[in-house]
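1. only geometry, no sequence info:
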């Protein structure tokens, strides 16, 4: 989830039999773990454990038999089995990502090794992201105002239209994304609606318009066909419905703009006015205030220089003060307050559970890195409101076992332990077998988080559960593991059981944040759905980079969101096209067949009760006065 993470958290610490190793509330105010030394010593751990010191961190490793390896990205030496991925070429997910996508580092390393640069090195943009974002935003402003500057910065924009083809590939509906512009008022937009758009099939020197019908919807994008082409799809085209110059039928007549039939079909009718009146009677168009609604939905409460508390990307167990430096489409570029040159930044959405108002850490007992700068002022920010909980009675306790999405390897759901219970329903979670000895990679989840699950969730849903690193009693069985570790499972009834009617289906295309490099938004596909969990695959990349993401995650966006907001969209690593979709659907079918006839276990009672409504289109009638038809 975090770019720039340099510590290798894949080695582990062991629980001492005396307790969970949680820090006291007094630690939470100003503890700086950057130069901390682990307290674990050979006498405090099992005699079979080996201490390994890497990047200033002390870790324990449960199996000293494994050999050593060298990271191909940063050159760090460590235990081979503690390295990331099956190939063991990199010490962490961050190094694996950087090697694959950072052209500069990959090219330098390749030259040093006498190898040609990898193909993946060409995927990432050559210019800094901020430069391209600014250029793309200016490009949109110039387009809207009709201004063309000589020598204008050229930005490559991914062509969703060509990628979606003739509509066989499905894009997730905008109504699946409540956090995006128009996300809560998209129900009126359906196939069959008529709109007025620019006519590009004419030989006239001035800008003219014609009426087109929506054939297919994919996020904000619509496959359109000019009126009069009937079943002829040769001139179909994709447009973003929320960008300027998309209008309801009647806009040309009201503003005195010319409606001109496409040149290709000009010969078909002699009286186009009669044709339009007959064709459009009873049909629907965009609401008259559609454009103003889009503009209103693009207003965001966060402003530059607001201060927040956000997770420290180098030490997951604590938060730091950061300043809002940029707001793009609801996404925030946060710069950690102690950074002088503005390079130490972190990207997230304004509704991300990773950011909080100033004072949040103190209020719940969470670790916090106190800034050396005096906080002169701050503005209360509208951070995510979590569900209020009653921690009286039966509640989570330190040492309880559960399953959790690994925040540093989002393709894996792992065996985990509650390390510390905080106030207001927050929990500090550690991934078993992969913890730093000082707990610096514990991660804070709210008890209602869709990223934590009761023991047995993966077994019930045929998801591969990642056992603790070095655990040899395989296949992993929860009851045996808890007996061996003298631990208990967190009560099932304390977990979030709500499954919304989200509307996603396997094979749907969308734009998704690469949470391991959260500044990047990439072309992606939903490949699997388990209750409210979505398996997100980045088109053109290996499956090991997939992510488990909640259906209501603010890091998912509909097709066309980047174009609408001016954010840079990362294209697929390769031109996967429809083959990626077919492969995803094939995998989904195979997995679905495997689930049939699955044996029930005592966990199944929790999930047995797991189980979109589209509002009618606008009643705006397209029958208007077409006095402007040429």
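-> That came through fine. These numbers come from a predicted model, not from an experiment.
2. Any stretches of the stretch 51-200 of the chain with poor pLDDT?
-> For the stretch 51-200 of the chain, applying pLDDT under 70 flags the ranges 51-67, 75, 79-82, 84-87, 93-94, 97-156.
3. can you do 90?
-> 51-159, 162, 165-169, 185, 187-188 (pLDDT under 90).
4. what's the answer for the stretch 301-450 of the chain, then?
-> Checking the stretch 301-450 of the chain against pLDDT under 90 turns up 305, 313-316, 337-344, 358-359, 369-393, 407-409, 434-441.
5. again, only using 70
-> 372-384.
6. Would you map the helices across it?
-> Applying DSSP state H, counting those that start in this stretch to the stretch 301-450 of the chain gives helices spanning 360-364.
7. The chain now?
-> 93-101, 103-112, 129-145, 160-164, 251-255, 272-280, 290-297, 360-364, 457-460, 478-485, 561-565, 578-595, 604-607 (DSSP state H).
8. In contact with residue 163, which residues?
-> If a contact means Cβ atoms under 8 Å, 6 or more residues apart in numbering, then residue 163 has 169, 509, 523, 572, 577 as its contacts. C-beta here means a position set from N, CA and C on the backbone, and glycine is covered the same way.
9. For the residues you listed, point out the one with the lowest pLDDT.
-> Confidence by pLDDT is poorest for residue 577 among the contacts of residue 163, given 46.
10. Name the nearest of the contacts of residue 163 relative to residue 234.
-> residue 169 (19.0 Å; Cβ to Cβ).
11. what's the first-to-last distance across stretch 485-505?
-> From its first residue to its last, stretch 485-505 covers 39 Å (Cα to Cα, to the nearest Å).
12. which parts of it are buried?
-> Of all the residues in stretch 485-505, those buried under the rule 16 or more other Cβ atoms under 10 Å are 485, 487, 489, 490, 492, 494, 495, 496, 499, 502, 503, 504.
13. give me the low-pLDDT residue ranges for the stretch 451-600 of the chain?
-> Counting by pLDDT under 70, the stretch 451-600 of the chain contains low-confidence ranges at 574-600.
14. Which stretches in the stretch 101-250 of the chain count as strands?
-> Ranges of strands in the stretch 101-250 of the chain, per DSSP state E, counting those that start in this stretch, are 194-198, 209-218, 221-226, 237-240, 247-248.
15. Just put those in a markdown table and tack on mean neighbour count and distance to residue 398.
-> Listed next are those as a markdown table, based on neighbours: other Cβ atoms under 10 Å; distance: least, Cβ to Cβ, whole Å:
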| stretch | mean neighbour count | distance to residue 398 |
| --- | --- | --- |
| strand 194-198 | 20 | 58 |
| strand 209-218 | 22 | 47 |
| strand 221-226 | 22 | 49 |
| strand 237-240 | 18 | 50 |
| strand 247-248 | 22 | 59 |
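16. Dump the ones you listed into JSON lines; add distance to residue 405 as well.
-> As requested, these are exported to JSON lines (distance: least, Cβ to Cβ, whole Å):
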{"stretch": "strand 194-198", "distance to residue 405": "41"}
{"stretch": "strand 209-218", "distance to residue 405": "28"}
{"stretch": "strand 221-226", "distance to residue 405": "30"}
{"stretch": "strand 237-240", "distance to residue 405": "32"}
{"stretch": "strand 247-248", "distance to residue 405": "44"}
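17. Which one, of these, ends up nearest to residue 173?
-> Comparison of the strands of the stretch 101-250 of the chain against residue 173 by Cβ to Cβ identifies strand 209-218 as nearest, at 6.9 Å.
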